[in-house]
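Novice: please work out how this folds:
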Amino acid sequence: MQLSKIHIKNYRLLIDAELDVDNKTTLIVGRNNTAKTSCIDCINSVLHGKGFAYDDYPLSKREGFLSLMAQFMAKETTYNELYEELPIMTVEFWVDYSMDDSEANLGALSPFIIDVNVDITTAIIRAEYRLKIDEESLRKLLEPCYSSDGLPDVDEVRNACRSNFSKLFEMVIYAVNPEKPDDKQIKSQKELSELFPFYSIPAERILGEDGKQNDNSLSDLISNFFDVKEEDINPNIATKVKELRDVVEKANKEVQQKSDTLLSSIVNKAVGFGYPNREELTLAVMTQLRIDEQIKNQTKLTYTSNISNEALPSSHNGLGYKNLIKMEFLLAAFAKEIELSGTACIPLLFIEEPESHMHPQMQRAFADYLESFLSKISDIHIQTFLTSHSAHIANTVEFSKIRYAQKTTNGVIYKNLRTFAETNAKNMDFIQKYLNLSRCDLFFADKVIFVEGASERLLLPDMIDKCDKEGLFNPETYKLSAQYYALIEIGGAYAYKFIPFVNFLGVPCLILTDIDSMEDGRTKEVVSKGKTTSNSTIKWWMRRIKSLTEEDTSLIKLSDIIALTADQKTIGKCHIEFQTKENGLCGRSLEEAIININSSYFELTNHITEESLEFKGKSKTNFALKLICENPKYVVPRYIKDGLVWLNKQKVLE
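Specialist: Below you'll find the model as predicted:
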């Protein structure tokens with residue numbers, strides 16, 4: 001059995017969010033403030049019966065919430081109507097047990113299977129944070145919230161609800177019949193917790209070993225071996241742990257006996273005033289020395305050189321290694337805890353931002369190794385959730401395991417990348433390989449710019465700054481130069497493969513490419529004499545505009561490309577721009593467009609033709625760097641300005 005879906009309603013930004021859960025690892029990615037951590041917090045609160053606070057209630061729902069309360073106070077709404085209409089926080093867990101043997105013991109899931117249809121193999125568990133206060137108590141609580149004219153004071157109602165939220169609501173757990181949603185049975189918090197053993201490794205992990213013991217230190221985790229039953233220790237280390245315990249126990253006895261004898265002698269010789277004497281008891285001393293306690297309290301990690309056998313303190317080693325070691329200890333402890341529970345259950349493991357302190361290669365190794373590590377330390381199947389801002393982790397994890405958190409005006413939604421992969425099989429191989437090779441941060445950007453090559457990649461940040469200083473981004477409050485955009489070098493031959501993907505993600509995307517004018521399919525030609533283009537992305541775009549199939553091989557006319565309107569240059573969330581005519585001429589590449597409008601810098605005569613704009617340099621990278629260094633006041637081509645202005649106007653939230 002496995003958790004297949006989580007449905008959260010009315011919790012912070014999660015107004016109506018459905019998260020498809022992978023059988024093994026679910027990676028949640030997205031730009032900042034897209035409720036990745038909130039998802040973990042919500043599930044943690046439900047599974048541990050912590051309840052919620054007023055601040056967890058969505059901002060977008062509060063006006064309606066307070067309005068209903070005011071109507072109740074004004075007796076325009078009955079208590080029963082308030083109870084039914086008040087938007088509540090709910091979390092649904094969908095469990096799939098179709099792969100289990102029909103005769104098998106479903107363990108902790110059994111209480112939540114209430115249907116009688118043997119063909120149904122889905123169990124639904126719903127946690128509702130419902131109104132619990134009775135009508136009389138609610139009216140009494142809201143009594144101080146009337147203004148002088150006898151009407152509800154909304155600010156006072158808000159304050160009363162904020163400070164008494166836990167008195168107003170309570171968590172109720174239901175088993176729901178998948179066939180009849182109204183058929184449900186109340187279950188206990190204990191039953192829910194037993195079904196979903198939950199363990200969370202937060203992003204804030206204390207890794208230092210400064211001699212101070214705390215629950216988060218690596219030393220503390222190591223010293224815990226003294227507190228674990230021998231039969232519960234990992235078999236790989238059980239022998240050594242037993243050996244250590246035997247050594248410590250033997251030392252304890254020897255030190256105890258010697259110290260008691262010596263201290264007793266010292267006390268008897270030191271005490272005067274005629275006591276003790278032969279007729280009375282003799283003084284003795286019993287110490288409570290425990291070497292194992294010393295080991296537990298004074299254990300520190302060190303790192304020993306294989307060459308000199310000298311030891312260095314833990315603080316001299318990288319935080320990335322300590323982070324990795326610590327997570328291994330925590331995961332092993334969780335696995336052992338599950339095995340000791342002895343019942344069929346669905347363990348859930350949440351790891352927030354595992355990339356903390358890790359360099360890129362270590363992040364990739366962690367993502368590759370996590371599932372196999374968990375299978376080695378436990379025979380019980382653990383479903384893992386990761387949240388990350390790391391492109392290295394996101395581009396290493398299988399595409400089908402990634403859930404993209406998109407923030408909209410109606411809250412955050414989780415998009416299952418497996419859904420996109422199933423409907424876009426042709427492009428998937430390329431997209432996955434490109435993401436893996438380039439480590440691009442597409443999943444974490446507010447906006448995306450696909451560029452043709454090295455020149456654009458080097459010049460675009462400077463061009464964006466120039467456009468901003470020219471005032472082209474006015475009057476937008478948040479200008480493109482201050483937004484988190486991803487600049488991705490992909491080329492005109494492949495950019496079109498990403499268009500369906502960025503539209504699926506809902507990320508505004510600008511494609512800056514070259515018009516690449518051709519005489520025919522093989523011969524380059526200046527734009528004014530060209531008949532078609534060699535640019536695959538422009539061809540793909542034109543087929544969409546003309547409603548042609550991808551397999552259509554009919555000639556794409558350059559005149560039709562040049563005639564595209566601003567509206568036709570936008571498909572979904574994507575906009576395309578290429579070279580346009582300036583000073584009566586049109587270059588066929590970025591370099592030619594720059595030469596055209598900066599002709600004096602390039603020492604061109606007054607009689608400039610499109611042929612004279614041809615870029616004849618050996619390195620486009622050198623061209624871009626030389627332009628920035630030697631001519632910082634160069635003019636930006638109009639097609640790039642048009643594209644950047646379009647992107648600047650796009651809203652991140654829909």
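Novice: beta partners for Val91?
Specialist: Beta-bridge pairing of Val91 under DSSP bridges involves Ile8, Ala127.
Novice: next, count neighbours for it.
Specialist: With neighbours defined by other CB atoms under 10 Å, the count for Val91 comes to 24. For every residue, glycine as well, the C-beta is placed using N, CA and C.
Novice: could you report the pLDDT at it?
Specialist: For Val91, the model assigns a pLDDT of 97.
Novice: try Phe226
Specialist: If you check Phe226, the pLDDT there is 56.
Novice: which regions of the stretch 201-350 of the chain lie under the pLDDT threshold?
Specialist: Of all residues in the stretch 201-350 of the chain, those with pLDDT under 70 make up the ranges 204-238, 241, 252, 255-256, 259-260, 263-321, 342.
Novice: next: the chain.
Specialist: For the chain (pLDDT under 70), the answer is 102-105, 204-238, 241, 252, 255-256, 259-260, 263-321, 342.
Novice: outline the domain layout of it.
Specialist: 2-22+35-193, 218-300, 445-649 (automatic domain parsing).
Novice: closest to Ile393 out of those domains?
Specialist: Ile393 lies closest to domain 2-22+35-193 among those, at 12.8 Å (CB to CB).
Novice: ramachandran angles for Ser372?
Specialist: phi -70, psi -30 (degrees, to the nearest 10).
Novice: distance of it from Ser390?
Specialist: Distance, Ser372 to Ser390, using CB to CB, to the nearest Å: 19 Å.
Novice: and these two? Which one has more around it.
Specialist: Neighbours per residue, other CB under 10 Å: of Ser372 and Ser390, the larger number sits with Ser390, 25 against 8.
Novice: I'd say that one and Ser356 touch.
Specialist: No. Counting by CB atoms under 8 Å, Ser390 does not reach Ser356; the two are 9.5 Å apart.
Novice: mind listing the helices for the stretch 101-250 of the chain?
Specialist: 135-142, 154-163, 165-168, 189-195, 218-223, 235-270 (DSSP state H, counting those that start in this stretch).
Novice: report all helices and strands that the first one contacts.
Specialist: What it means is helix 135-142. On a contact count with 3 or more CB pairs under 8 Å, 6 or more residues apart in numbering; DSSP states H and E, helix 135-142 meets helix 59-73, helix 154-163, helix 165-168.
Novice: Tyr129: which of the ones you listed is closest?
Specialist: Closest to Tyr129 of the helices and strands packed on helix 135-142 is helix 165-168 (CB to CB; 9.5 Å).
Novice: can you list contacts of the closest one?
Specialist: 51-54, 57, 131-133, 138, 141, 161 (CB atoms under 8 Å, 6 or more residues apart in numbering).
Novice: tell me the buried residues in that helix?
Specialist: Using 16 or more other CB atoms under 10 Å as the test for burial, helix 165-168 gives 165, 168.
Novice: list the contacts of the helix or strand harbouring Cys467.
Specialist: When elements are assigned from DSSP states H and E, Cys467 belongs to helix 454-469. Contacts with helix 454-469, where a contact means CB under 8 Å, 6+ apart, come from 449, 451, 473, 479-481, 487, 489, 512, 590-591, 620-621, 623-625, 627-628, 636, 640-641, 644-645, 648.
Novice: so which of those residues belong to helices?
Specialist: Counting by DSSP state H, those place 590-591, 620-621, 623-625, 627-628, 640-641, 644-645, 648 in helices.
Novice: now tabulate these in TSV and tack on distance to Gln579 and neighbour count.
Specialist: Formatted as TSV, the ones in helices among the contacts of helix 454-469 follow (distance: CB to CB, whole Å; neighbours: other CB atoms under 10 Å):
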residue	distance to Gln579	neighbour count
Leu590	8	26
Glu591	10	21
Lys620	15	18
Thr621	20	14
Phe623	16	19
Ala624	16	22
Leu625	21	15
Leu627	17	21
Ile628	20	14
Ile640	9	26
Lys641	12	17
Leu644	15	26
Val645	16	15
Asn648	20	23
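Novice: of those, closest to Met1?
Specialist: For the ones in helices among the contacts of helix 454-469, the nearest to Met1 is Asn648 (49.7 Å; CB to CB).
Novice: excluding chain neighbours, give the residue nearest to the closest one in space.
Specialist: Leu480 (4.1 Å; CB to CB, 6 or more residues apart in numbering).
Novice: my read: the one you found touches Lys447, true?
Specialist: Yes. Here Leu480 reaches Lys447: they are 7.4 Å apart, a contact under CB under 8 Å.
Novice: common neighbours of the two, please.
Specialist: Contacts common to Leu480 and Lys447, judged by CB under 8 Å, 6+ apart, are Leu647.
Novice: Throw the domains of the chain into a markdown table and include distance to Ile201, thanks.
Specialist: Putting the domains of the chain into a markdown table (distance: least, CB to CB, whole Å) gives the following:
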| stretch | distance to Ile201 |
| --- | --- |
| domain 2-22+35-193 | 10 |
| domain 218-300 | 12 |
| domain 445-649 | 26 |
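Novice: of all those, which lies closest to Gly411?
Specialist: Across the domains of the chain, Gly411 has its closest neighbour in domain 2-22+35-193 (3.1 Å, CB to CB).
Novice: and that closest one, end to end?
Specialist: From its first residue to its last, domain 2-22+35-193 covers 15 Å (CA to CA, to the nearest Å).
Novice: as a check, name the ranges of all strands in the stretch 551-654 of the chain.
Specialist: With DSSP state E, counting those that start in this stretch, the ranges of strands along the stretch 551-654 of the chain come out as 570-571, 574-577.
Novice: wait, which of those strands is closest to Pro111?
Specialist: strand 574-577 (49.6 Å).
Novice: who touches that closest one?
Specialist: By CB under 8 Å, 6+ apart, the residues outside strand 574-577 that reach it are 499, 502-503, 509-513, 537-538, 541, 569-570, 639-640, 642-643, 646-647.
Novice: please apply the same query to stretch 593-613.
Specialist: 526-528, 579, 582-583, 585-588, 592, 615, 627, 630-631, 634-635, 637-640.
Novice: go with 7 Å
Specialist: Here stretch 593-613 makes contact (CB atoms under 7 Å, 6 or more residues apart in numbering) with 526-528, 579, 582-583, 585-587, 592, 615, 627, 631, 634-635, 637, 639.
Novice: so of the residues you listed, which ones are in helices?
Specialist: 592, 627, 639.
Novice: format those as a markdown table; extra columns: distance to Thr605.
Specialist: Compiled in a markdown table, those are given as follows (distance: CB to CB, whole Å):
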| residue | distance to Thr605 |
| --- | --- |
| Glu592 | 16 |
| Leu627 | 20 |
| Tyr639 | 25 |
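Novice: mind picking the one among those residues that's closest to Phe329?
Specialist: Leu627 (53.7 Å).
Novice: right, and that closest one touches Val636 too?
Specialist: No. With contacts counted by CB atoms under 7 Å, Leu627 stays clear of Val636, the gap being 10.9 Å.
Novice: from Arg543, how far out is Gly521?
Specialist: Counting by CB to CB, the gap from Gly521 to Arg543 is 16 Å.
Novice: higher neighbour count, the two?
Specialist: Taking neighbours as other CB under 10 Å, Gly521 and Arg543 compare with Arg543 leading, 17 against 9.
Novice: so who does the more buried one touch?
Specialist: Counting by CB under 7 Å, 6+ apart, Arg543 touches 550, 552.
Novice: secondary structure element for it?
Specialist: Using DSSP H and E, Arg543 sits within helix 536-545.
Novice: so Tyr404 lies in a strand, does it not?
Specialist: Yes. The assignment for Tyr404 (DSSP: H, G, I helix; E, B strand; the rest coil) places it in a strand.
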